[in-house]
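Trainee: give the three-dimensional model of this entry:
(4 chains)
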Number of protein chains: 2
Amino acid sequence: MNLKTATEIGKCLSNQTRFQILEWLKEPEKHFPPHETLKHFNDGVCVTYIQEKAGLSQSTISTYLTNMEKCGLLISTRHGKWSYLKRNEKTIKEFTDFLT
Amino acid sequence: MNLKTATEIGKCLSNQTRFQILEWLKEPEKHFPPHETLKHFNDGVCVTYIQEKAGLSQSTISTYLTNMEKCGLLISTRHGKWSYLKRNEKTIKEFTDFLT
DNA sequence: TTTATATATCGAGATTTATCAATATGTTTG
DNA sequence: CAAACATATTGATAAATCTCGATATATAAA
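Mentor: Numbering: from 1, shown residues only, chains lettered A, B, ... in the order given. Predicted coordinates:
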């Protein structure tokens, strides 16, 4: 982890909604309904579910998630027309190690 | 640690200079000269030394440090006319625990 | 292949942050 | 007390971020 990447992660963590998303994704089954198509949470939660729970516009949440993926906080996996997001624990650990 | 405080900390970590200060303060003796009056780094480093190393204006750094203290990232101790800043490892740990 | 659904990107206005110079406050020293 | 020094606060402008609606793209379903 370098200073630039760490700062990009800091930017993602500087907003309550984005931070909250990261918290929700710790335990997806606790905060989101199971997806109608996929029956598991192996790749996380789809954009729409996150958007509905956050209560912000689709475009805003899409941008948030894209940026969070870019700096390594999230991993995005596409299944058909859905994008699923899950935490990237490896980067999160690198970040906390860098800070500590 | 709650979401609001964590987000305030995230704001501090969203800027390279502020993040850098936190890194410098991990090992003050490695990045700063010993203070002419105090001979130790027990309470950290004075504002002026941090300001000079960061290369930003006195008012900017003062504001940075004040905010970093407000959200618990730093501990400020006054000795005479100097304010010394050091990392608040307790809060930093609470933050990384909250994130993990 | 048209239509519907999910996600991404663009453009714009409102809000927040970055950063400074100027000034104020607090503390020490002559 | 006056001068000097360290730090904090204020006021201002430029830059960045927030957030949306509109629109584009990708994929699936009819």
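
Trainee: the nearest residue to A:Tyr84 once chain neighbours are set aside: what's it in contact with?
Mentor: Counting by CB to CB, 6 or more residues apart in numbering or on different chains, A:Asp43 is the residue found nearest to A:Tyr84 once chain neighbours are left out, at 3.9 Å. C-beta here means a position set from N, CA and C on the backbone, and glycine is covered the same way. By CB atoms under 8 Å, 6 or more residues apart in numbering or on different chains, the residues touching A:Asp43 are A:75, A:77, A:79, A:84-86.

Trainee: next one: A:Asp43 from DNA strand D, what distance?
Mentor: Using CB to the nearest atom of the strand, to the nearest Å, we find A:Asp43 at a distance of 14 Å from DNA strand D.

Trainee: pLDDT score for the residue nearest the centre of chain A?
Mentor: Closest residue to the average C-alpha location of chain A: A:Leu74 at 4.6 Å, with CA atoms, centre = their mean. You'll see A:Leu74 listed with a pLDDT of 98.

Trainee: thinking again about what came up before, ok, now how distant is the residue nearest to A:Tyr84 from A:Thr77?
Mentor: Going from A:Asp43 to A:Thr77 by CB to CB, to the nearest Å gives 4 Å.

Trainee: just A:Glu29 next, same as before
Mentor: Counting by CB to CB, the gap from A:Glu29 to A:Thr77 is 17 Å.

Trainee: up against DNA strand D, what does chain A have?
Mentor: Contacts of chain A with DNA strand D, taken as CB under 7 Å from any atom of the strand, map to A:11, A:14-15, A:17, A:56-60, A:63, A:78, A:80-81.

Trainee: what angle do the helix or strand containing A:Thr7 and helix B:3-12 make?
Mentor: Here A:Thr7 is covered by helix A:3-12, with elements defined by DSSP states H and E. Our comparison of helix A:3-12 with helix B:3-12, counting by axes from the mean of the first three to the mean of the last three CA atoms, to 10 degrees, yields an angle of 150 degrees.

Trainee: so which of the residues of chain A next to DNA strand D sit within strands?
Mentor: A:Arg78 (DSSP state E).

Trainee: can you redo the residues of chain A next to DNA strand D as JSON lines with neighbour count, pLDDT and distance to chain B?
Mentor: JSON lines is the format used below for the residues of chain A next to DNA strand D (neighbours: other CB atoms under 10 Å in any protein chain shown; pLDDT from 0 to 100; distance: CB to the nearest CB, whole Å):
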{"residue": "A:Lys11", "neighbour count": "17", "pLDDT": "98", "distance to chain B": "4"}
{"residue": "A:Ser14", "neighbour count": "19", "pLDDT": "98", "distance to chain B": "4"}
{"residue": "A:Asn15", "neighbour count": "15", "pLDDT": "98", "distance to chain B": "7"}
{"residue": "A:Thr17", "neighbour count": "16", "pLDDT": "98", "distance to chain B": "9"}
{"residue": "A:Leu56", "neighbour count": "15", "pLDDT": "98", "distance to chain B": "15"}
{"residue": "A:Ser57", "neighbour count": "10", "pLDDT": "98", "distance to chain B": "20"}
{"residue": "A:Gln58", "neighbour count": "11", "pLDDT": "98", "distance to chain B": "23"}
{"residue": "A:Ser59", "neighbour count": "9", "pLDDT": "98", "distance to chain B": "22"}
{"residue": "A:Thr60", "neighbour count": "12", "pLDDT": "98", "distance to chain B": "17"}
{"residue": "A:Thr63", "neighbour count": "12", "pLDDT": "98", "distance to chain B": "16"}
{"residue": "A:Arg78", "neighbour count": "10", "pLDDT": "95", "distance to chain B": "26"}
{"residue": "A:Gly80", "neighbour count": "7", "pLDDT": "93", "distance to chain B": "31"}
{"residue": "A:Lys81", "neighbour count": "7", "pLDDT": "95", "distance to chain B": "31"}
